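Enquirer: Have a look at this fold, sequence not included:
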């Protein structure tokens with residue numbers, strides 16, 4: 001199917017292959033792997049105040065800088081390592097955002113030590129299964145809801161940062177907890 005014959009979500013820049021591939025192959029497809037979910041949650045936090053495409057284009061830089069989001073390796077980062085990361089042009093060089101990934105890794109590990117499966121914990125906010133939405137217009141899609149607010153509160157209570165209700169909602173959309181591809185989008189049915 002050629003691009004001219006396709007219908008995609010309006011937030012996608014169709015001329016950008018990276019963005020289009022992300023929309024078609026990742027966004028809205030259910031993710032259940034705990035480390036993948038941890039990575040995505042951290043990356044969504046990095047987006048705060050920026051466009052998603054900015055983070056998407058730096059995804060490999062984050063993988064390289066943060067040990068492919070292995071929480072046990074991330075917590076070994078020292079203050080000197082953080083200073084080095086703040087010089088790394090392949091990530092967002094913001095001290096609060098860099099430190100948030102370390103704090104989130106500590107939260108992840110603390111949950112694991114309590115016997116809490118990170119994936120099950122996150123998916124519990126949608127009762128363990130994707131919620132199928134049938135939005136026609138972008139304007140209908142909320143930026144947060146009661147599930148993202150509850151997730152935000154629970155994560156903050158466990159020491160996570162950059163996990164406000166809007167960030168949590170974007171995360172929940174991205175990992176398929178909500179199917180928010182518009183009804184007109186060719187990918188909507190794939191995510192059902």
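Expert: Arrived safely. These numbers were taken from a predicted model, which means no experiment stands behind them.

Enquirer: Kindly list the longest helix within the chain.
Expert: For the chain, the longest helix by residue count, based on DSSP state H, is helix 95-113.

Enquirer: ok, and for that one, which residues are buried?
Expert: Residues 97, 98, 99, 100, 101, 102, 103, 104, 105, 107, 108, 111 are the ones in helix 95-113 that count as buried (16 or more other C-beta atoms under 10 Å). (Glycine included, C-beta is placed from N, CA and C.)

Enquirer: would you list those residues in CSV and tack on distance to residue 16 and pLDDT?
Expert: As requested, these are exported to CSV (distance: C-beta to C-beta, whole Å; pLDDT from 0 to 100):
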residue, distance to residue 16, pLDDT
97, 23, 98
98, 26, 98
99, 30, 98
100, 27, 98
101, 25, 98
102, 31, 98
103, 32, 98
104, 28, 98
105, 30, 98
107, 33, 98
108, 31, 98
111, 36, 98
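
Enquirer: Now do the same for the residue positioned nearest the centre of the chain: helix, strand or coil?
Expert: When the chain is reduced to its mean C-alpha position, the nearest residue by C-alpha atoms, centre = their mean turns out to be residue 40, at 3.3 Å. Here residue 40 is recorded as helix under DSSP: H, G, I helix; E, B strand; the rest coil.

Enquirer: on that earlier part again, of all the buried residues of helix 95-113, which comes closest to residue 75?
Expert: The shortest distance between residue 75 and any of the buried residues of helix 95-113, using C-beta to C-beta, involves residue 105 and amounts to 5.0 Å.

Enquirer: which residues of the chain fall in strands?
Expert: Assignment of strands within the chain using DSSP state E yields the ranges 131-132, 178-179.

Enquirer: Relative to residue 63, which of those is closest?
Expert: Closest among the strands of the chain, using C-beta to C-beta: strand 178-179, at 25.5 Å.

Enquirer: mean confidence score for the closest one?
Expert: In this model, strand 178-179 has an average pLDDT of 98.

Enquirer: which helices and strands does it pack with?
Expert: Contacts defined by 3 or more C-beta pairs under 8 Å, 6 or more residues apart in numbering; DSSP states H and E place strand 178-179 against strand 131-132.
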